[in-house]
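**Student:** pasting a predicted model and its sequence here:
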Number of protein chains: 2
Amino acid sequence: MPPISSSTWVLKPLFPALLPNRFLRVIPKTLTSVAAYAAHPPGTELQQPQRIDVNPPRGTRDFPPQEMRLRTWLFHNFKEVSRLYGFEEVDFPVLESEALFIRKAGEEIRDQLYCFEDRGNRRVALRPELTPSLARLVIQKGKSISLPLKWFAIGQCWRYERMTRGRRREHYQWNMDIIGVPEVTAEAELISSVVTFFKRLGITSSDVGFKVSSRKVLQEVLRRYSISDDLFGKVCIIIDKIEKIPRDEIKKDLKSVGMSDEVVEDLLHVLSIKSLEKLEEVLGGRGEAVTDLKLLFSLAEKFGYSDWIQFDASIVRGLAYYTGVVFEGFDREGKLRAICGGGRYDRLLSTFGGEDVPACGFGFGDAVIVEASGNLFLFLFPCFGKGILETTFDKVICGQKETKRLLKEKGLLPELSLQVENIVCALDQDLQGAAATVANILREKGKSVDLVLESKPLKWVFKRAARINAERLVLVGKTEWEKGMVVVKTLASGEQNEVKLDELE
Amino acid sequence: MPPISSSTWVLKPLFPALLPNRFLRVIPKTLTSVAAYAAHPPGTELQQPQRIDVNPPRGTRDFPPQEMRLRTWLFHNFKEVSRLYGFEEVDFPVLESEALFIRKAGEEIRDQLYCFEDRGNRRVALRPELTPSLARLVIQKGKSISLPLKWFAIGQCWRYERMTRGRRREHYQWNMDIIGVPEVTAEAELISSVVTFFKRLGITSSDVGFKVSSRKVLQEVLRRYSISDDLFGKVCIIIDKIEKIPRDEIKKDLKSVGMSDEVVEDLLHVLSIKSLEKLEEVLGGRGEAVTDLKLLFSLAEKFGYSDWIQFDASIVRGLAYYTGVVFEGFDREGKLRAICGGGRYDRLLSTFGGEDVPACGFGFGDAVIVEASGNLFLFLFPCFGKGILETTFDKVICGQKETKRLLKEKGLLPELSLQVENIVCALDQDLQGAAATVANILREKGKSVDLVLESKPLKWVFKRAARINAERLVLVGKTEWEKGMVVVKTLASGEQNEVKLDELE
C-alpha cells in the first residue's frame, strides 16, 4: 500500500497561528476605544485572517439539512425493521481501547485501524466495527441478562486508509445481532430482516441477492488433509479476496502459509461449488456444514425469501471471528462492493476471556445506500436506466421534477424536503411580540412554526414560505390583531381567512 | 491540575499479546484434527485468556437497551421541540482538525481538548462542541444558502479532563442555532424553545430558570475606562468563574491582566446587578446592552415565559466567541451545574476567515438530564423528595413499582420498557418453518414479532413474553397448523382463540 498522501487532512492556511489575535481583534469594530485602535491601527484591521479549510476532514462528511434528511430516512428504515423483528437498540463508545480490535489475522479492518495515543498515553481507537464492543458488553452483563438477546445498533465506524475516490474514513453501520441461539434459525431470521429492509425501499430480488456459505465447509476440507486449525483464520482472510485479486496470487498466498499444491487445488475446487447438492456430493451429507446450510435454505423458503439467496462456497467474509454460516448481500449487476455481510461468531467471547455464547449478526453500511452518486441512485431505483448515472443522487431526487413524479408514483420517494406547517409573520415591527404569541399558540397545539424574526417585505416572506414548503402563512396585522384575529392563508389553494386566536389550530 | 491517573484507560490483562493465539486456538473445540491437537495439547487448551476490562473506556458510556431507551426518549424530545420551531437537523464529523477549536482565551473547553496526532501526523481533535463545525459549514455553503438558517444538531462531544466522580469525557449535546438574524428576537426564540422542552418533560419554572445578560454590559464598562478590547475575551473567561472560585481570586486574576483596583471594583459592582432597572441607572438607557435586554424581556412576556427568566449581570458564559446576549439554564435548588447555555456570536465566522453573519445558539447536554443519579431524578421529578436521592435514576424508574405508578399518574414516565406486540412460538421443532411463516405475515402487516428461534418449553416462552411485555402469544401447533390456523393468546386477559392465517393481523 502506498504511503498516505501528505496532503490528506492538512489545513491550507496556518490557521492556529492567526486565529487568537484575530479573534481579539474583531471586537473594536463595535467599539470606539482609543486603546483598542492604538493596539490595532486601521491598516492591520483590514487584514482578514486566511480562510480555514471549510471542508470536513478528508474522508469524513458533513450532513447539511438535505443529506441529514436522507440519513434520517435511512436510519428510520433500519430502526423500523429492527422493531418489526423485536430487536432492542444499544450503543457503545465510538472510542474504545485499541486492544479490543487487535487480532493478528491480516484482516483489512485491523490494518486500517484508526488508532492513536491519547493525552494520557493510552492506546485507543475509533471503532472500526461494532461487534467487539457488543461482545464486551455481553461479558460485562454476565448472568444478569436473559438469553437470547436480540440487539441492534446504528453507529459510526472509522477506518484509516489511503484515500481514493469514493472511499471514506467513516461510515454508519446498522448491526443486528442475536446472542444465545445456537440454531441456524438465527441466521435465517437475520437474513429475513435485511430482505425486509430492501423490500421497504422498493428493492427486489432481481436487484439484490445474498451469497451464503459456512466456514465449516472450509474447516471440513482442511480437516480432510489434517491441516492445522491454526491456519484457519489466515486461510479465511486469503479466500475472502478470491474475487478481488488474481487466482494465481490466491494460490501463491495459500502455498505461502504451508499448503501443498494438491490441497490448494482441492480447496479451490470446493470453493468454486455453487450448489448445495454438489457440496453434499463432495463433503458428504453428515457434516455440520451441509446440515446447517440445508436447514437455512429450507427456512428461507418458509420466510419467503428463497429467490434472494444462493449458495456460494467462495464466501467466507473477511473478519477473523466467524465460525459458521456466513453471508453477504450483493447487487446483481455486480457494480458495487458487498452491500452487507454477516455470520455466526460462536467463539468471540472467549477470545476476550469471557464464556462463549453462540452468536451471529450482520453489519450494513450506509455508504452503498446513500452515497451521493447516480450509480447508487440507479441501484436504489433501477427503473430509471443509465441516463441518470450522469448526475448525482442528490440532484436527481431534488432537482428533477419528472423523476420526482415517477418516484412518488412508485411510492419510493423518501421525504427529503423541509416541511414546516406554518410560517408566522408580523406585518409591523411593533407586532413582533404578537407574532411570538401566535407562534406559541400553534406550537402548544403541536404545529410546527417558522417564525419570521425580522421585519421583511411580504415578497421575501412568500419566497421563504415556498422554500420551506409551508402549508399556511399566518399574518399578524394591526387591524386584525385589534380584533383578536390573524389572517391565515392556505398556500396551496390561496384561500385566505380571518381566524380568531382561540380558534387557531 | 494533577496528572491523569495512570490507571485510566488501561486494560487490565495483557490482552493484545494473548488474543491472536487464543483466537486460533478456539477452533479445535469443534474439530478433531490431529494436527490441531498436536499444536495445542489439552493442557494448554484449558488455559483461558485473561479477561479484558469489560467496562467502556473511563469517562465514556455504553448504552444497553434500558439506557438506550432513555437516550432515545430524550433525543425524541429534542427533535420534537426543534420540529415545532421549524429547525432543520444537521450534523458534522465527530473528528475535526484541531485548528478549528484552538483559541488562546484560557477557556476550559480549549484546555480539555481531546486532541491527538493521527497516523498521518495531522493534529485532529474529537469535537468539544458543535458551533465551530457549524460555522465552518456555513462558510463553505456561502451564498448558496438563504438566510436565516435555523439548524439543530444532536451530537456527541468530547473533553479530556481529569476524571472525578460523575464527570465524563463525552456527552451528547443538543444545539439550536439561528444564522442570519441580528435582532434579539432570535435569542427570544431560542430561550422559548428550551422552555418548551422543559414543559414537555413536566419541568416547571419553579424547578428551572434562565439567567440572562449581555456581553455588551461588560464592554460598556470596559469602554468607560478605555480598557483595550484585547482584554475582552480574557476578562469574560475570568468573570465566568465568578460563582465557582473565591471573590479574591477573581480580583487577583482581573488585576493580573492589567486592570486597576478602581476598575475591578466598579466592574464587580456592575456584575452584581440583578435587575434591568438598576442596570439602566448605572449604564444609562441608550447603550445596546440595555436596549437589547429590554426588548428580550418584553418578547419573553409575549412568548409567555417571563417567569422563567431573570436578569443577572454576572452571566457571561465561558466561550470566547460570544458577543451579545448570553443566557444559561439553572436549577432553582442550586444543586447542578448550568443545565444549558448559549448566546449571540456575531463575529465567529470572520475568525475563520469567512464573512461575518449575525448568529446565536445554545447547547444543552444530556448529562444533567439522564445522569444515572437520584439527584437528577429529583431534578426531573421534584415531587418525590429526598428519599430517592439514595438510589439511581435507573433503579427508580425501573425497579420501584410505587414510583412507576406515581409517575404514570403524572404522565411523566418515559416509555422505558421493551414492548413487542407478538411473541411467536412453534410447539414442535418441525414447525419452526411454519412459525417463520407466521412471523412473516405479522411483520408484513407492520406488527413487531419476537420469534422464538429455539425449541423451548412453554414455561420459558411465557417468562420471555412477560419480560418483553408482549401483548399476544401466537402458538403454532400441529393440529391447528393442519387446519391453516394458529392459537392467539391475549396475554393481559388470558383470552385465547384459534385464528386463520389469512385473518391474522
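**Tutor:** Good, I have the coordinates. Numbers count the residues shown, from 1 in each chain, chains lettered A, B, ... in the order given.
**Student:** what about A:Asn55, neighbour count?
**Tutor:** A count of neighbours around A:Asn55, defined by other CB atoms under 10 Å in any protein chain shown, yields 15. Heads up, the C-betas are built off the backbone N, CA and C, glycines and all.
**Student:** how about the nearest residue to it, chain neighbours excluded?
**Tutor:** B:Gln140 (6.7 Å; CB to CB, 6 or more residues apart in numbering or on different chains).
**Student:** please apply the same query to A:Ser146.
**Tutor:** Nearest non-adjacent residue to A:Ser146, counting by CB to CB, 6+ apart: B:Arg467, 6.1 Å away.
**Student:** how does chain A divide up, domain by domain?
**Tutor:** Domains of chain A are assigned by automatic domain parsing as A:1-50, A:65-378, A:422-503.
**Student:** the stretch 401-505 of chain A: strands as residue ranges?
**Tutor:** A:422-426, A:449-451, A:472-476, A:485-490, A:496-500 (DSSP state E, counting those that start in this stretch).
**Student:** again, but for the stretch 151-300 of chain A
**Tutor:** So, for the stretch 151-300 of chain A - with DSSP E, counting those that start in this stretch - the strands run A:170-179, A:208-214.
**Student:** let me have those in TSV, extended by mean neighbour count.
**Tutor:** Listed next are these as TSV, based on neighbours: other CB atoms under 10 Å in any protein chain shown:
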stretch	mean neighbour count
strand A:170-179	23
strand A:208-214	24
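**Student:** for chain B, which of those is the nearest?
**Tutor:** Set against chain B and scored by CB to the nearest CB, the strands of the stretch 151-300 of chain A come closest in strand A:170-179, at 7.0 Å.
**Student:** nearest to A:Leu473, of the strands of the stretch 151-300 of chain A?
**Tutor:** strand A:170-179 (37.1 Å; CB to CB).
**Student:** how about the CA coordinates for the closest one, as PDB?
**Tutor:** Coordinates of each C-alpha in strand A:170-179 appear next as PDB, following Å, rounded to 0.1, in the frame of the first residue of the first chain:
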ATOM      1  CA  GLU A 170     -16.100   6.800   8.300                       C
ATOM      2  CA  HIS A 171     -19.500   5.300   7.700                       C
ATOM      3  CA  TYR A 172     -22.600   4.500   9.700                       C
ATOM      4  CA  GLN A 173     -23.300   0.800  10.200                       C
ATOM      5  CA  TRP A 174     -26.500  -0.900  11.100                       C
ATOM      6  CA  ASN A 175     -25.900  -4.100  13.100                       C
ATOM      7  CA  MET A 176     -28.400  -6.700  14.200                       C
ATOM      8  CA  ASP A 177     -27.100  -9.500  16.500                       C
ATOM      9  CA  ILE A 178     -28.700 -12.500  18.100                       C
ATOM     10  CA  ILE A 179     -26.800 -13.700  21.200                       C
END
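**Student:** tell me which of the domains of chain A sits most buried.
**Tutor:** Most buried of the domains of chain A by mean neighbour count (mean count of other CB atoms under 10 Å in any protein chain shown) is domain A:65-378; its value is a mean of 19.
**Student:** for it, the distance to its chain's centre please.
**Tutor:** With CA atoms, centre = their mean, to the nearest Å as the basis, domain A:65-378 stands 15 Å off its chain's centre.
**Student:** just to revisit the earlier point, just the pLDDT for the residue nearest to A:Ser146.
**Tutor:** The model reports B:Arg467 with a pLDDT of 93.
**Student:** you'd agree it is up against A:Pro148?
**Tutor:** No: the pair B:Arg467 and A:Pro148 does not pass the contact test of CB atoms under 8 Å, sitting 11.3 Å apart.
**Student:** ok, the closest residue to A:Ile109 other than its chain neighbours - contacts?
**Tutor:** Spatial nearest neighbour of A:Ile109, excluding adjacent residues (CB to CB, 6+ apart): A:Pro128 at 4.9 Å. By CB atoms under 8 Å, 6 or more residues apart in numbering or on different chains, A:Pro128 lies in contact with A:101, A:109-110, A:112-114, A:157-159.
**Student:** how about 10 Å then?
**Tutor:** A:96, A:101, A:107-115, A:157-160, A:173 (CB atoms under 10 Å, 6 or more residues apart in numbering or on different chains).
**Student:** which phi and psi does it have?
**Tutor:** When quoted as degrees, to the nearest 10, the phi and psi of A:Pro128 stand at phi -90, psi -10.
**Student:** in the stretch 201-350 of chain A, what residue comes closest to chain B?
**Tutor:** A:Lys302 (3.5 Å).
**Student:** tell me if I am right that that residue is in a strand.
**Tutor:** No: secondary structure assignment places A:Lys302 outside any strand; it is helix (DSSP: H, G, I helix; E, B strand; the rest coil).
**Student:** what's the separation between the residue lying closest to it once chain neighbours are set aside and A:Ala300?
**Tutor:** What sits nearest to A:Lys302 in space, not counting adjacent residues and going by CB to CB, 6+ apart, is B:Gly433, at 3.5 Å. Separation of B:Gly433 from A:Ala300 (CB to CB, to the nearest Å) stands at 9 Å.
**Student:** so, low pLDDT: which residues of chain A?
**Tutor:** Chain A contains residues with pLDDT under 70 at A:1-49, A:162-167, A:368-416.
**Student:** quick one, longest helix in it?
**Tutor:** Identified as the longest helix of chain A according to DSSP state H is helix A:65-84.
**Student:** how far off strand A:170-179 does that helix point, in degrees?
**Tutor:** Helix A:65-84 and strand A:170-179 meet at an angle of 0 degrees, taking axes from the mean of the first three to the mean of the last three CA atoms, to 10 degrees as the criterion.
**Student:** helix A:65-84 close to chain B?
**Tutor:** Yes: judged by CB under 10 Å from any CB of the partner chain, helix A:65-84 comes into contact with chain B at A:65-69, A:71-72, A:79-84.
**Student:** so A:Glu170 sits right up against A:Gln156, yeah?
**Tutor:** Yes: using CB atoms under 10 Å as the test, A:Glu170 is close enough to A:Gln156 to be in contact (5.6 Å).
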